[in-house]
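S.K.: Next comes the sequence, and after it the predicted model I'd like to discuss.
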Amino acid sequence: MNNKKKLKKDKLRRGIYILPNLFTTFNLFFGFLAIISSLDQKFVNAAIAIIIAALFDMLDGKIARATNTTSKFGIEYDSLADLISFGLAPGLMIYIWVLTPLGRIGWLAAFLFLACGALRLARFNTQVGAINNDYFLGLPIPAAAGMNATTVLVCYRFGIEETVSPIFIMILLYCLSFLMVSAVKYNSYKQPELFKKMNFNVLVAAILILIFIAAQPSITLFLLGFLYIVSGPINVLRQYKKVRRLKAEVQEAEEHGSNPVQ
């Protein structure tokens, strides 16, 4: 009887480990689909596939943590899938869509995005368990890929996909590439208290966001992605001003011969 229970438990555990890796495979599938769509010049389909891949990437991590099935294999597999879905796929999509006229400068910008994404993932893997899970060090690669995807969707939404400036898109790629390998901190929204202590106003705001996404998905997702991306540099500026203010208070206290207020 005990052997049967143990066998059943082992089968269940194997099934649980398969589940997060299955979601990672879906992530990889939609990343590959985005590449195929880009080669066929179906850029809206490619952008949507990248966003769906990001959704599965978010789910596989949450499922692994919820079921306590995080493993070294899962981390490495997830990183390889992310490099395809959020490094190669968006870089290739942007290059074929608008950067081709720039020639070598264009594909080098796309390659830089891919290379910085790979460096970002490698750094993240070496820091697992060593840094605070409340924030990411550098812009997460799914967020950078999502910005590329939603930019494509917004341009098609307003009918400017043929007139968008390649220089502007190239600058966007450079900015995203820099943020991925920077030391700018981004909120990970993994804190349990965010969900345990959600007040009524936050719930209403979440519902409103879902309504806006349903009504105008491309515009809303673009704005949400843009706000998240600029939140990192804004926090850096706020921290810098705070440090300067504290230094000024200390200096003023020393000049007046009194101790600074603690």
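M.R.: Alright, I've got the coordinates.

S.K.: Helix, strand or coil: sort out A183 for me.
M.R.: Following DSSP: H, G, I helix; E, B strand; the rest coil, the label given to A183 is coil.

S.K.: List the contacts of Y135.
M.R.: Taking C-beta atoms under 8 Å, 6 or more residues apart in numbering, we find Y135 in contact with 185-188. C-beta: built from backbone N, CA, C; applies to glycine.

S.K.: Just put those in a markdown table and tack on pLDDT and secondary structure.
M.R.: Formatted as a markdown table, the contacts of Y135 follow (pLDDT from 0 to 100; DSSP: H, G, I helix; E, B strand; the rest coil):
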| residue | pLDDT | secondary structure |
| --- | --- | --- |
| K185 | 90 | strand |
| Y186 | 91 | strand |
| N187 | 86 | strand |
| S188 | 80 | coil |
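
S.K.: Can you tell me how far G159 is from R123?
M.R.: 39 Å (C-beta to C-beta, to the nearest Å).

S.K.: okay, these two: which has more neighbours?
M.R.: R123 (13 against 8; other C-beta atoms under 10 Å).

S.K.: So which bits of the host helix or strand of that one are buried?
M.R.: Applying DSSP states H and E as the criterion places R123 in helix 104-126. Neighbour-count burial for helix 104-126 flags 106-110, 112-118, 120-121, 124 (criterion: 16 or more other C-beta atoms under 10 Å).

S.K.: what does that helix rub up against?
M.R.: 75-76, 79, 82-83, 86-88, 90-92, 94-95, 99-100, 102, 136-141, 144-145, 148, 166, 170, 173-174, 176-178, 180-181.

S.K.: Just the buried ones among these, please.
M.R.: Using 16+ other C-beta under 10 Å as the burial test, the contacts of helix 104-126 include 75, 79, 82-83, 86-88, 90-92, 94-95, 99, 102, 136-141, 144-145, 148, 166, 170, 173, 176-177, 180-181 as buried.

S.K.: Restricted to helices, list those.
M.R.: Among those, the residues falling in helices (DSSP state H) are 75, 79, 82-83, 90-92, 94, 141, 144-145, 148, 166, 170, 173, 176-177, 180-181.

S.K.: Please tell me the pLDDT value assigned to N125.
M.R.: We have a pLDDT of 85 for N125.
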